[in-house]
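Visitor: Return a 3D structure for these sequence lines:
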Amino acid sequence: MEQLAGAGQPVDFSVLALFVRASLTVQIVMVILLAASFWGWAIIIQKIITFRAAKAEANRFDRAFWSGQPLDDLFDRIGDNPKGASERIFSAGMTEWRRSHRDDGGLIAGATSRIDRAMNVAINRESDRLNSGLSFLATVGSTAPFIGLFGTVWGIKIAFEDIAISQNTSLAVVAPGIAEALVATALGLLAAIPAVILYNKLSGDSDRLVGNYESFADEFSTILSRQLDDE
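Guide: Next up is the predicted model:
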């Protein structure tokens with residue numbers, strides 16, 4: 001969009017033109033905010049794909065685990081290369097279960113606590129994997145508006161300096177500089193609002209997945225404890 005300045009010359013108010021006319025400091029702020037927004041959206045898309053895959057894998061494994069087949073057969077079928085989080089947690093427990101048997105078939109003391117610790121370590125690794133990158137979204141959500149505000153304040157400062165130099169206080173002189181400064185605030189909000197909303201959603205999804213893993217580990221530990229009692 002173009003408006004006419006006081007001198008009769010057209011002034012381009014497109015975002016690109018405002019960026020080009022802005023001071024170097026404001027341009028750096030805009031670039032930082034745009035980079036943060038793009039990086040944030042890359043994390044968001046990657047996490048949505050990861051969480052959907054994790055939910056599908058957990059559902060598939062649950063069906064196999066509760067199908068009634070022997071746990072040893074399921075473990076042998078998974079092999080040394082479990083493909084999903086649920087399989088890795090199950091494999092950690094089963095590996096420790098088998099290591100807890102002596103050569104004579106008896107169990108080494110403290111088997112239950114070692115199995116629980118092995119599964120907890122696996123769960124913590126999956127939790128770290130699910131939550132990686134979310135801290136960046138939280139950082140963008142909390143800092144981007146202030147970074148944008150800094151750019152706006154700096155841009156307004158430059159605009160008032162230009163007014164003092166030109167000794168002209170007409171709106172046609174002030175408006176371009178103010179508009180350039182306000183773009184920084186708009187970019188800050190553009191980066192922060194999706195980051196905050198989707199951080200809360202993805203964090204909740206991660207907590208539910210980890211909670212499901214912990215519930216499965218508790219159920220699996222209970223099954224193994226029954227077998228220990230039988231032995």
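
Visitor: sec struct for the nearest residue to Asp205 once chain neighbours are set aside, please.
Guide: Counting by Cβ to Cβ, 6 or more residues apart in numbering, Phe51 is the residue found nearest to Asp205 once chain neighbours are left out, at 5.0 Å. Just so you know, the C-beta spots here come from the backbone N, C-alpha and C atoms, and that holds for glycine as well. Following DSSP: H, G, I helix; E, B strand; the rest coil, we place Phe51 in the helix state.

Visitor: do Asp80 as well
Guide: Under three-state DSSP, Asp80 falls in the coil class.

Visitor: Please tell me the pLDDT value assigned to it.
Guide: The model reports Asp80 with a pLDDT of 77.

Visitor: That one and Ser91: what is the separation?
Guide: With distances taken as Cβ to Cβ, to the nearest Å, Asp80 is found 8 Å from Ser91.

Visitor: who has more neighbours, the two?
Guide: Higher neighbour count among Asp80 and Ser91: Ser91, with 20 against 6, using other Cβ atoms under 10 Å.

Visitor: which secondary structure element contains that one?
Guide: Assigned by DSSP states H and E, Ser91 belongs to helix 85-99.

Visitor: Please apply the same query to Asp218.
Guide: Using DSSP H and E, Asp218 falls in helix 171-230.

Visitor: how about the spatially closest residue to Glu87 that is not a sequence neighbour, what does it touch?
Guide: Closest residue in space to Glu87, ignoring its immediate chain neighbours: Ile78 at 5.3 Å, by Cβ to Cβ, 6+ apart. Listed by Cβ atoms under 8 Å, 6 or more residues apart in numbering, the contact set of Ile78 reads Glu87, Phe90, Ser91.
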